[in-house]
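S.K.: have a look at this prediction, sequence included:
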Amino acid sequence: MNSPSITSRIRSLTVLLLILAVLSGNTPRAAAASDWDEALDQINDLYSSYISLQASVKAESKRNQELRKQNTADLAAVNARLQSTDKSLLSRLKSEADAARKKHAVLLEQYASLGKQAAAARKAGNLKSAAAFDLKRNKLKAAATAARVEIKTKNTALTEATSAAAAKNKPAKDALSPVSGIRKQITAGNKQISEAQALRSEADKQYKAAVKAGDAVTAAAGMKHSCARMTEIRTYLQQVYVLEQKITAALRLAESRLPE
């Protein structure tokens, strides 16, 4: 942050630039001398606030960015922990369920096909062929039934394990549930900051151009507008910071509820 002596020197330099511009004949003649002097006094009065606001906006923006970065990293870590709940068990059960389906796929397809062929033969009035298909199908019935039982058992084990893992994760996930909504509020707040920052930049350009031209009245107006926008930005930054702190609190609660 600028020290008082540095701020005083910068302010004096600004005044000097305005005076030099006047002496060189660049001051707009439409501005009355009394208005020009009053504007110069306003610049002197505002300058400390102008510099202080710049430093505050910079510091608070950095503070928000650092907290956002930390929250993002912590949220990723919590989600990684949640995804790891019973991961090896679920992976094994899924592999077993997939293996059972593949193992019996040909048998079950053949069994189903024979049933369809028998039905088609009966519909066509070919009872001899229907009987042959039924015989072949019935010969596979016990194996097909056993295959279906095995597949169902594997799928049930996977479903139950998945539900159990979800139940373990629920307390932590519930703690994280407000985060999405808060993030949307932060996005809206950051949009307000960007819009105010754009207006501030325009005011700063107006101020600097007026100083160069020796137009104290316009320079004072630009400085006032810039200070007003920076005050708005600080308000928005604080609102965003409070929202980020809410996310931090949600993360701490979620961490305390993570399954062992």
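M.R.: Perfect, thanks for sending it. Numbering: from 1, shown residues only.

S.K.: so where do the helices sit in the stretch 101-250 of the chain?
M.R.: 127-213, 216-256 (DSSP state H, counting those that start in this stretch).

S.K.: so which of these is the most packed in?
M.R.: Greatest average neighbour count among these goes to helix 216-256 (a mean of 19), per mean count of other Cβ atoms under 10 Å. Backbone N, C-alpha and C define where each C-beta goes, glycine included.

S.K.: which helices and strands does it pack with?
M.R.: Counting contacts by 3 or more Cβ pairs under 8 Å, 6 or more residues apart in numbering; DSSP states H and E, helix 216-256 packs against helix 4-23, helix 33-83, helix 127-213.

S.K.: tell me the mean pLDDT over the longest one?
M.R.: The predicted model gives helix 127-213 an average pLDDT of 95.

S.K.: repeat for the second one
M.R.: For helix 33-83, the per-residue pLDDT values average out at 90.

S.K.: now the angle from that helix to helix 127-213?
M.R.: Taking axes from the mean of the first three to the mean of the last three Cα atoms, to 10 degrees, one finds helix 33-83 and helix 127-213 inclined to each other by 150 degrees.

S.K.: tilt between helix 33-83 and helix 216-256?
M.R.: 10 degrees.

S.K.: now for helix 33-83, which elements pack on it?
M.R.: Using 3+ Cβ pairs under 8 Å, 6+ apart, helix 33-83 sits against helix 4-23, helix 127-213, helix 216-256.

S.K.: including distance to Ala99, could those helices go into TSV?
M.R.: Converted to TSV, these look like this (distance: least, Cβ to Cβ, whole Å):
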stretch	distance to Ala99
helix 4-23	74
helix 127-213	8
helix 216-256	35
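
S.K.: make TSV from the helices of the stretch 101-250 of the chain and add distance to Arg92 to it.
M.R.: Output for the helices of the stretch 101-250 of the chain, formatted as TSV (distance: least, Cβ to Cβ, whole Å):
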stretch	distance to Arg92
helix 127-213	9
helix 216-256	27
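
S.K.: quick check: which of those helices is nearest to Asp35?
M.R.: Nearest of the helices of the stretch 101-250 of the chain to Asp35, taken as Cβ to Cβ: helix 216-256 at 5.5 Å.
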